[in-house]
Every structure is written in C-alpha cells, then in structure tokens.
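Novice: Return a 3D structure for these sequence lines:
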Amino acid sequence: MPLLYTIGKLTVGNGMRLGWRPTVEGLENVPETGGAIFAGNHLSVADELFLGAVVPRHIAFWAKSEYFTGTGFRGWLTKTVIGGLGAIPVERAGGRAALSAFDAAIPALRAGELVAVYPEGTRSPDGRLYRGRTGAARLALAAGVPVIPVGMIGTDRVQPIGARVPRLGAGRVTVRFGKPLEFTGRSDDRTSLREITDEIMSEIQRLTGQEYVPRYAPSKTAPTPQG
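Specialist: Numbering: from 1, shown residues only. From the prediction side, this is the model:
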C-alpha cells in the first residue's frame, strides 16, 4: 500500500469511520489478495471516501490527468500527492483519450490491485440508478479479474452535489458489497459487453434498491471516466 494512502486511511479514513460510523455489509466478498474491480453506483463525491475507508486494501481510484501535469509548486504538490496515492490518470475529454486510463488499469489489476469503477459514468443527478456504460465489463475481460458490485446508500445526503465537504449528522451511510461476478471466457463483442454490464447494474440495483433508469445519466463538464 502506498505510504500516502496508508496515511490517508489512518487520518481521513478513520475520520470517516468515526464521524459517520457507516454500516458495512458483505466485506467478506472483498478478496484479501488478487486483482478485482469494484463497480458501484455513484451518488456523491463521498462515495470514494467511504469506499476507501472501509476496504482494508489499497484501491486505485481515477484522477483527471491535469493533476499529473501541473506546473510550479502547487502543480508539483498535487502531482506528488495524487501520484503518491496510487491514482490512475484519465483524460477529461473522454472518448479515445480516456481509454489510456483503462490501459493503465489493466497491468495494475493483473498485478493484484483493486480498481474502483462507476459504470454510470457520472454522479446520479436525482438518486436513481442509470444505465451502465461498458467500461467495467471491458476492463474485467481484458484483465481477467472479477467484478465486485458495490452499493452506496446515504452518501448523497452526507455530501449532496455541490457540497464541498461531507456533513456530520446528515444521515446514515451503508456500504454493501455483493459476491464477486466472474466473466472469464465471455466474449468481448458489443452484445456481450452490453449483457455483462446489464448484469453488473442489476446486482448494484439489488444492493441499493434504487429505481433503475434505462438511459445514460446526463453528462457533466467533468464526467467520471468509467464508460
């Protein structure tokens, strides 16, 4: 585990656990070793904070590529911190440029890392679960690792869209982990990727109980690069 990530778990992670006391269900479904993809719903910026706080292993999260290319002291500091956390850079523009993030994630997964993916591609604007993009399925097949569905409940009340920091006393948070989904041997054609993605989203919905919307969530200026 990267040193800065360890420090973050001891400080921010413990602060999240003590401040909000999240309920954690299904943690036994997280493997102690080996690569795997966390595929979860996305309600809030706090989703990553709570996920990192309750999972004992290092998780490689995504960070926009600008964090790795800044100049001056501030740019150096940002690069040092983000890089020290073991983050994976991704292009904000999406499309072909964003695929470099998946290229970087594949060797990490094959080396036994955990990577977090949000198939909706952005935060839900209204608390519903939107159609998943196929990035998680493509990544699982390319790296040959299982997908662990994750359901976040209550994070949108703790840190609603627009809130800069999580709010104490804003409600209970529950983090649910489903059983690992294995897709080894499945085809990587478009039809199969769609089917796998729909299976993943069905498991996420089962964990969260959210209303499902069979269309993609409205995109934002800086989408979460998991499509």
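Novice: ok so Ser124 is a strand residue?
Specialist: No: counting by DSSP: H, G, I helix; E, B strand; the rest coil, Ser124 is not part of a strand but coil.
Novice: check contacts around it.
Specialist: Neighbouring residues of Ser124 by C-beta atoms under 8 Å, 6 or more residues apart in numbering: 41-43, 130, 156, 210, 217. For every residue, glycine as well, the C-beta is placed using N, CA and C.
Novice: repeat that with 7 Å
Specialist: 41-43, 130, 217 (C-beta atoms under 7 Å, 6 or more residues apart in numbering).
Novice: Could you do Ile37 as well?
Specialist: 109, 115, 117, 136, 139-140, 145, 147-148.
Novice: now do Met201
Specialist: Contacts of Met201 (C-beta under 7 Å, 6+ apart): 119, 129, 132.
Novice: buried stuff in the helix or strand harbouring it?
Specialist: Following DSSP states H and E, one finds Met201 within helix 190-208. Within helix 190-208, the residues that count as buried by 16 or more other C-beta atoms under 10 Å are 193, 195-197, 199-201, 203-205, 207-208.
Novice: so after that helix, what's the next helix or strand?
Specialist: Criterion used, DSSP H and E; the element after helix 190-208 is strand 212-213.
Novice: Pull the residues that contact that next one.
Specialist: Taking C-beta under 7 Å, 6+ apart as the rule, strand 212-213 contacts 128-131, 205.
Novice: now with 8 Å?
Specialist: For strand 212-213, contacts defined as C-beta under 8 Å, 6+ apart pick out 128-131, 201, 205.
Novice: Could I get the average pLDDT for it?
Specialist: Here strand 212-213 scores 97 as its mean pLDDT.
Novice: Same check on stretch 54-74?
Specialist: 86.
Novice: Tell me which residues of that stretch come out buried.
Specialist: 54-55, 57-65, 67-68.
Novice: Could you name the helices and strands sitting against the longest strand anywhere in the chain?
Specialist: Taking DSSP state E as the criterion, the chain has its longest strand at strand 147-153. Where contact means 3 or more C-beta pairs under 8 Å, 6 or more residues apart in numbering; DSSP states H and E, strand 147-153 is packed against strand 36-40, helix 46-54, helix 135-143, strand 174-177, helix 190-208.
Novice: can we see that at 6 Å?
Specialist: strand 36-40, strand 174-177, helix 190-208 (3 or more C-beta pairs under 6 Å, 6 or more residues apart in numbering; DSSP states H and E).
Novice: any idea how far whatever helix or strand comes next after it is from the chain center?
Specialist: The C-terminal neighbour of strand 147-153 among helices and strands, as given by DSSP H and E, is helix 155-158. Chain-centre distance of helix 155-158: 16 Å, with C-alpha atoms, centre = their mean, to the nearest Å.
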